[in-house]
Structure formats: C-alpha cells, structure tokens
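Asks: Sequence plus the predicted model coming up.
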Amino acid sequence: MKALKPLTFKNELQIVWMFLRRAFLLQTHFKFSYFIGLLGTVSTLVMYGMIARFGSESTEAHPLSGGYVNYVITGLVINTLLATALSGPYRGLMDCFWSNRAETLMASPIRLQIFAAGVSIGHYLDAVVLVLYGLGSLSLGWRLFRKGIDLARTDGRLARWL
C-alpha cells in the first residue's frame, strides 16, 4: 500500500479558493436575502445615528474623540471583527458538520489547518464585507441622512418624498 503524498502549496491554495468560492456562492445565491442581510447593518447605523442626533446636546458624549457616532461605529466594527475572529472557525466547522461534509473532508488528504481555514474563510469574508459596507454607508449616507432630517424639520419635503 502506497502512502499519499502531501499536497503542494499551490494545491492547498486551490482548496482554500474552492472553499471561499463556495461560501460566496452560498451567501449570494438568494440575492434578496443577502441584500436584506446587508440592510441590517444600515438599520443599526440609522438607529445609532438617531440616538446621536437626538442626544447631541448630552455632556457625556463631549469627552469622546470625534463624537458619539465615531465611537459607536468604531465599536461596531471592532465587535464584528472580534466576534468573527473568535467564532469563524467554530461556525465553519459546525456548518460543515451539519451539512454532512465533515467526514468526507476529514478523509481527504487535506491538512487539518487547511481544512479549518477553508471552512472558516467565508465567515471572515462576510465580516469584512459587512465592515466595509457599514463604513461606506456611514461615510456616504450620513450627510444625506442629516440633510433629510433637516429637510423634514423645516418644510416636510422628506415626508412627501417618501
């Protein structure tokens, strides 16, 4: 009986790419669901933006460098990245286990490190997309959001526009 040779580095990268492509296709297969998941980030930003807008006269928020909104957005970004760093491998392995792929992949010649990295890399990609989307919507939409509140307060054009 001949022993299996270990895979080359190029083959291991191809395996990780396959896992990443599979995770991306699964996340974006249902386009409306993926879009609604991204809108969850916007609703969180809007909620904290409203808190910041109505609590802007609060003296507790003045010592924060950059104000309340920067503090909250930084906290949301760090929380997303830390939560994914801690739970990414676990979620990837559990997804693999519950979809009955773990036994097949464990019997393959893939090293355990590549297997764990491959099944968790999709969760890391999703977290990075959410962070970039949240920061982008903050930078692009915050000025429009504030102008919309000012318009609604002055002459009600925003209410007629909606």
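Replies: Thanks, I have it.
Asks: Show me the helices in the chain, by range?
Replies: 9-28, 31-54, 67-98, 102-107, 112-154, 157-161 (DSSP state H).
Asks: mind checking which of those is nearest Lys2?
Replies: Smallest distance to Lys2 across the helices of the chain (Cβ to Cβ): 16.8 Å, for helix 102-107. C-betas here are computed from N, CA, C, even on glycine.
Asks: which sections of the chain are below the confidence cut-off?
Replies: 1, 52-53, 55-70, 134, 137-162 (pLDDT under 70).
Asks: Now the helices of the chain in CSV, please, with extra columns for distance to Ala3 and mean neighbour count.
Replies: Formatted as CSV, those follow (distance: least, Cβ to Cβ, whole Å; neighbours: other Cβ atoms under 10 Å):
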stretch, distance to Ala3, mean neighbour count
helix 9-28, 17, 14
helix 31-54, 43, 14
helix 67-98, 26, 15
helix 102-107, 15, 12
helix 112-154, 17, 16
helix 157-161, 70, 11
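Asks: Save the ones you listed as CSV, and put in distance to Lys2 too.
Replies: As requested, those are arranged in CSV below (distance: least, Cβ to Cβ, whole Å):
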stretch, distance to Lys2
helix 9-28, 18
helix 31-54, 45
helix 67-98, 28
helix 102-107, 17
helix 112-154, 22
helix 157-161, 72
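Asks: got a list of contacts for stretch 3-16?
Replies: Pro109, Ile110, Arg111, Ile114, Ala117, Gly118, Ile121 (Cβ atoms under 8 Å, 6 or more residues apart in numbering).
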